[in-house]
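Student: Take this sequence and fold it.
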Amino acid sequence: MSAAGSKARLSAHSLHVLGVLCGLAAATWLAAAEAPTKLVTAGFSPFLISLGMVAGVFVARWTVPVCLKGTSYVLMDLGEKPHLIVWAVLAGMLWAVGNTLTVFAVRNVGLSIAFPLWNINSLVGLFWGWLLFNELRGSGWGRVVGGAVAIVGGACLLAYATSQHSNTLPGGAALGIVSALGAGLMFGTMYIPYRKAYISGMNPLSFVTVFTFGELGTVCTLAMVFDGGLHHVMAELVRARPALFWLFLGGFCWVVGDLFQNYAAKYIGIARGIPLSNTNQLWGLAWGVLVFGELAEQGVMAHALVFTGSIIMILGAAAICSAEASEAEQVSWKAAMERECVRYGLDRERVESSLLGEDPLSRRKPVRHWWEVLIVGSATAIFVWLAAGARHQAIAVNLSWMAVLVATTLVCLIAGGLLLWKRTRFS
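Tutor: Below is the predicted model of the structure:
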């Protein structure tokens with residue numbers, strides 16, 4: 001084997017490892033982001049919960065890219081690929097609908113059960129990755145099909161377990177199941193714009209900056225249409241003032257998790273990266289059972305079904321994600337990339353460089369601006385203001401387990417962030 005071939009394989013392997021680690025880091029933060037949805041059990045509207053979280057997402061989505069790369073970098077990236085702006089907005093709209101549905105699901109069947117059900121998005125993403133972006137072409141189908149069957153089987157077990165979940169809400173467990181599955185469909189389809197952006201060489205930080213306009217606009221529309229109009233929504237926001245900090249914090253956690261997920265999708269594809277980040281269902285189960293005491297009053301059979309279903313789904317996702325892309329599949333990925341370059345007139349060498357973890361935009365030496373300090377300072381001030389008015393909510397939590405899970409997410413943030421910086425400079 002030539003030295004160039006060996007170097008290329010080593011680079012591909014390092015990117016695969018990086019993508020896998022980003023997927024695992026994403027899982028912990030995406031799970032933590034859903035914990036504030038438990039506020040729906042304290043009497044807040046699902047639309048209000050979703051709106052509060054998305055407001056936090058909006059603030060964080062502007063702040064994190066500015067801190068890491070700066071506004072000049074983001075604007076240059078968007079200027080080179082303006083056709084992707086509409087795709088980023090569309091992705092945000094799909095996420096907004098999915099996120100609202102997750103709140104209904106948590107309200108009706110609980111976090112520990114709803115989480116695995118909406119994680120069928122891994123199957124949806126796998127299908128779109130194969131159909132539209134040539135993923136899994138040339139790979140062994142046995143492992144992928146087996147993993148997909150395991151995920152579906154695990155979801156069926158969890159759905160059956162919800163029949164043991166007592167509640168008095170309209171529609172009961174059936175509405176929770178439908179909401180969770182609908183959220184999974186929205187989240188899975190959302191990854192089409194993700195992958196389209198990254199095989200075109202866009203930086204995830206630029207993509208998520210535009211993404212937030214689609215999600216905020218959609219959630220505001222949903223809240224005003226289905227939750228009593230503008231005046232009612234504003235009145236509910238005032239009433240929810242003591243709880244808004246927790247919703248904003250959930251939105252911030254989601255942004256961190258989604259950024260890791262975006263990097264996973266960029267470097268190992270949505271067919272692998274999304275199922276891997278969906279190990280967040282295990283962390284969601286931990287939050288639901290250990291922190292919020294879900295399933296505490298359920299019988300042994302319900303516990304056995306939930307845990308067995310969760311393990312099966314995790315094994316299925318692991319089977320799908322464990323296979324590194326073969327040379328034949330990488331050729332297929334390259335063909336998908338070249339198709340986008342021809343369609344939109346992109347510089348093939350620059351796009352390929354970006355997919356290899358390099359940062360072609362950095363050669364243009366984007367400058368920092370004084371207003372970036374104002375952006376970060378304003379975002380920090382908003383969180384401080386909300387924290388000052390935060391009040392304890394009527395939800396029982398286990399503080400010891402919460403501390404353990406929070407510490408885990410912070411470790412993943414530090415480790416994943418350092419690896420991304422070292423290998424790609426957040427490209």
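
Student: Hmm, Trp62 is touching Thr209, no?
Tutor: Yes - counting by Cβ atoms under 8 Å, Trp62 touches Thr209, with 6.6 Å between them. Where you see a C-beta, it was placed from the backbone N, CA and C, and this is true even at glycine.

Student: Among these two, which residue is more densely surrounded?
Tutor: It is Thr209, of Trp62 and Thr209, that has more neighbours when counted by other Cβ atoms under 10 Å, with 23 against 20.

Student: next SSE after the helix or strand where the more buried one lies?
Tutor: Taking DSSP states H and E as the criterion, Thr209 maps to helix 204-226. Reading on from helix 204-226 to the C-terminus, the next helix or strand found by DSSP H and E is helix 229-239.

Student: Just list what that next one packs against, helices and strands only.
Tutor: When contacts are defined as 3 or more Cβ pairs under 8 Å, 6 or more residues apart in numbering; DSSP states H and E, helix 229-239 packs onto helix 46-68, helix 204-226.

Student: what is the rounded mean pLDDT of it?
Tutor: The average of the pLDDT scores along helix 229-239 is 82.

Student: Ala32 is in contact with Cys253, isn't it?
Tutor: Yes - between Ala32 and Cys253 there is a contact under Cβ under 8 Å: 4.5 Å.

Student: any shared contact partners between these two?
Tutor: Counting by Cβ atoms under 8 Å, 6 or more residues apart in numbering, the common neighbours of Ala32 and Cys253 are Thr409.

Student: Burial check on Ser14, number of neighbours?
Tutor: For Ser14, the neighbour count with other Cβ under 10 Å is 15.

Student: tell me which residues of the helix or strand harbouring it are tucked away?
Tutor: Remark: Ser14 resides in helix 3-34, with elements defined by DSSP H and E. Buried residues in helix 3-34, counted by 16 or more other Cβ atoms under 10 Å: 12, 15-16, 18-34.

Student: same deal with stretch 317-332?
Tutor: Neighbour-count burial for stretch 317-332 flags Ala317, Ala319, Ile320, Cys321, Ala323, Glu324, Ala325, Glu329, Gln330, Ser332 (criterion: 16+ other Cβ under 10 Å).

Student: Give me the residues contacting it.
Tutor: Applying Cβ under 8 Å, 6+ apart, the contact partners of stretch 317-332 are 12-13, 16, 20, 23, 122, 126, 134-140, 143-144, 146-148, 150-151, 268-269, 271-273, 275-276, 278-279, 333.

Student: Near Ile199, how many residues? Count them for me, please.
Tutor: Ile199, neighbours per other Cβ under 10 Å, totals 26.

Student: Just list the residues touching it, thanks.
Tutor: With Cβ under 8 Å, 6+ apart, Ile199 has these contacts: Phe133, Trp333, Ala336, Met337, Glu340, Val351, Leu355.

Student: Which ones among those residues lie within helices?
Tutor: Within these, residues falling in helices by DSSP state H are Phe133, Trp333, Ala336, Met337, Glu340, Val351, Leu355.

Student: would you list every one of the helices in the stretch 51-200 of the chain?
Tutor: Applying DSSP state H, counting those that start in this stretch to the stretch 51-200 of the chain gives helices spanning 71-80, 84-109, 111-118, 121-133, 141-161, 172-198.

Student: Can you lay out the ones you listed as CSV showing distance to Arg423 and mean pLDDT?
Tutor: Formatted as CSV, these follow (distance: least, Cβ to Cβ, whole Å; pLDDT from 0 to 100):
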stretch, distance to Arg423, mean pLDDT
helix 71-80, 18, 90
helix 84-109, 23, 88
helix 111-118, 30, 72
helix 121-133, 23, 87
helix 141-161, 26, 72
helix 172-198, 16, 88
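
Student: between those helices, which one is nearest to Ala304?
Tutor: helix 141-161 (8.6 Å; Cβ to Cβ).

Student: Give me the angle between the closest one and helix 84-109.
Tutor: Here the directions of helix 141-161 and helix 84-109 differ by 40 degrees (axes from the mean of the first three to the mean of the last three Cα atoms, to 10 degrees).

Student: Now do stretch 385-401, average pLDDT.
Tutor: Per-residue pLDDT values over stretch 385-401 give a mean of 80.

Student: Buried by neighbour count: which residues of it qualify?
Tutor: For stretch 385-401, by 16+ other Cβ under 10 Å, it's Leu386, Ala390, Gln393, Ile395, Val397, Trp401.

Student: so which strand or helix has the last one?
Tutor: This means Trp401. Element membership of Trp401 [criterion: DSSP H and E] is helix 399-424.

Student: That helix - contacts with which helices or strands?
Tutor: Here helix 399-424 touches helix 3-34, helix 241-268, helix 280-286, going by 3+ Cβ pairs under 8 Å, 6+ apart.

Student: Only the buried residues of the second one, if you could.
Tutor: Right, helix 241-268. 243-268.

Student: I'd say Gly98 and Ala183 touch.
Tutor: Yes - at 4.3 Å, Gly98 counts as touching Ala183 under the criterion of Cβ under 8 Å.

Student: Narrow the contacts of stretch 317-332 to those that are buried.
Tutor: Neighbour counting over the contacts of stretch 317-332 (16+ other Cβ under 10 Å) leaves 12, 16, 20, 23, 122, 126, 134-137, 139, 143-144, 147-148, 150-151, 268-269, 271-273, 275-276, 278-279, 333 as the buried ones.

Student: Any stretches of the stretch 301-427 of the chain with poor pLDDT?
Tutor: Applying pLDDT under 70 to the stretch 301-427 of the chain flags the ranges 393-394.

Student: Make a ChimeraX selection of the buried ones in the contacts of Ile199.
Tutor: Entered in ChimeraX, the line below selects the buried ones among these, by 16+ other Cβ under 10 Å:
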select :133,333,336,337,340,351,355
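
Student: Report the two of the contacts of Ile199 separated the most.
Tutor: Longest span within these, Cβ to Cβ: Phe133 and Val351, 13.8 Å.

Student: contacting residues around Leu78?
Tutor: By Cβ under 8 Å, 6+ apart, the residues touching Leu78 are Leu84, Ile85, Ser206, Thr209, Val210.

Student: correct me, but the third one touches Glu80?
Tutor: No - assessed by Cβ under 8 Å, Ser206 is found out of contact with Glu80, at 9.4 Å.

Student: These two: which is more packed in?
Tutor: Ser206 (25 against 19).

Student: Leaving out the residues flanking it, which one is nearest to the residue most central in space within the chain?
Tutor: Centroid-nearest residue in the chain, with Cα atoms, centre = their mean: Asp258, separated by 3.8 Å. For Asp258, ignoring the flanking residues on the chain, the nearest one in space by Cβ to Cβ, 6 or more residues apart in numbering is Val208 at 6.6 Å.
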